[in-house]
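> Predicted model follows, preceded by the sequence.
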Amino acid sequence: MLRGTPLAPFVLGAGHEAGIRPGTENVASIVALGVACDRARLDMETEGVRVRALRDRLWDLLRELVPGLGLNGHPQDRLPHTLSVRFPGVSANALLSAAPGIAASAGSACHAGHEEPPSTIVLMGVPPREAHGTVRLSLGRGTSRDHVERAAAALADAWQQMTRS
């Protein structure tokens, strides 16, 4: 007797998992995921503090270099590894195109290539014209202070060039 939601196999082959999935589990990757999770658990607090300091440094630098820069989200209660900001008077896509060395996002992955302002930012009460300049910057384990300083300079330079024209 079957219980739950009926599932159709999406890959055909052997009869593992009651005919739903063929093949053997990737044991090496499963073990690696466990090790990665354990490592993350051990240094999650210290890494969070380190990345939060870098995120705050990036915010401070951008705010100094870009008059009218806006912060999306709560000033303190937010993820330590993400900075979402609004560059005034420019399209985020155009800004990122003008700063080719920067890997950042102008919106959610499901809206890539679209020029509409991010709906989440608009729903937070940001006017669409301002939300249009939203850039989301992510920091991680490999991010250094030098990366943050170079990113801030490149984004500010691109913004200044665009707003002078």
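It's in.

> In the chain, which residue is most central in space?
Ser138 (4.5 Å; Cα atoms, centre = their mean).

> Give me the neighbour count for the closest residue to that one other than its chain neighbours.
If the residues on either side of it in the chain are set aside, Ser138 comes closest to Thr82, at 5.5 Å by Cβ to Cβ, 6 or more residues apart in numbering. All C-beta spots, glycine's among them, are computed from the backbone N, C-alpha and C. The number of residues packed near Thr82 is 15, by other Cβ atoms under 10 Å.

> Would you confirm that Thr82 contacts Thr143?
No - checked against Cβ atoms under 8 Å, the pair Thr82 and Thr143 is beyond contact range at 11.5 Å.

> residue ranges of the strands in this protein, please?
70-71, 82-86, 134-138 (DSSP state E).

> Go through those strands and name the closest to Ala8.
strand 134-138 (35.8 Å; Cβ to Cβ).

> Return the set of buried residues in that closest one.
Across strand 134-138, burial judged by 16 or more other Cβ atoms under 10 Å covers 134-137.

> from the chain's centre, how far out does it sit?
From the chain centre to the centre of strand 134-138 is a distance of 6 Å (Cα atoms, centre = their mean, to the nearest Å).

> avg pLDDT for it?
Strand 134-138 shows a mean pLDDT of 95.

> got it, and stretch 24-33?
91.
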